[in-house]
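Peer 1: Could you work out the structure for the sequence below:
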Amino acid sequence: MRFVKTSAVAAALFILCSGFATTALSNDLIVVASDAAYEAAQEWVGYLEIHEVPLKHVTPQDFKAHEKEPYVVMMGGLDEQDGIKELAEEILSEDELKRVSQNGVGETYFKFKVWDPMQTVIMFVGSDMAAAEEARIKSKENWWNTFILWFDIEAEMEGFHVY
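Peer 2: Alright, predicted model coming up:
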């Protein structure tokens, strides 16, 4: 009988601790971008809001407090003041960084287990903000399908329009 009580207490503590661990992280899409890049992406933000994607804007300088979040998007140009350049240098390979540093070049990268084993980071990055935006637009099917899975969004391909 004592074993059953001890097991029940242990199970209750495990469930309680697991609840705290999962509630400490949000289920929001953390969008890391300079204020200027986020403002320039308001059409994209509106598109996500219409589809009920929970999102939170965080500047690169404030990202440290959110680096364990499971769903992260980083976007912007490497030339931006207060932009994502330092984070891009930390995440991207030397070849990837060299590529997106070329004038007018932008890419979308999916990175896994960057700061947490359960994390995916999507990067829309380019030499400047326009190149990063172009990369985001061109890769919509990839990131949108990922968002559908992350946030359990009901979507039909017929309604798959460029925003």
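
Peer 1: center of the chain, which residue is that?
Peer 2: A centroid search over the chain (C-alpha atoms, centre = their mean) returns residue 72, at 1.7 Å, as the residue closest to the centre.

Peer 1: Following element in sequence after the least confident helix or strand in the chain by mean pLDDT, please.
Peer 2: Of all helical and strand segments in the chain, the minimum by mean pLDDT, DSSP states H and E falls on helix 2-24, at a mean of 41. Remark: after helix 2-24, the chain's next helix or strand is strand 29-32, criterion DSSP states H and E.

Peer 1: what residue ranges in the protein score low on pLDDT?
Peer 2: Low-confidence segments of the chain (pLDDT under 70): 1-26, 155-163.

Peer 1: For it, which segments are assigned as strands?
Peer 2: Assigned by DSSP state E, the strands in the chain fall at 29-32, 55-58, 71-77, 106-112, 120-126.

Peer 1: which stretch among the ones you listed comes nearest residue 38?
Peer 2: Set against residue 38 and scored by C-beta to C-beta, the strands of the chain come closest in strand 55-58, at 5.1 Å. No exception for glycine: its C-beta is placed from N, CA and C like everyone else's.

Peer 1: Pull out the buried positions in that closest one.
Peer 2: Buried residues in strand 55-58, defined by neighbour count with 16 or more other C-beta atoms under 10 Å: 55, 57-58.

Peer 1: Okay, now the sheet partners of that strand, with direction.
Peer 2: strand 29-32 (parallel) (DSSP bridges).
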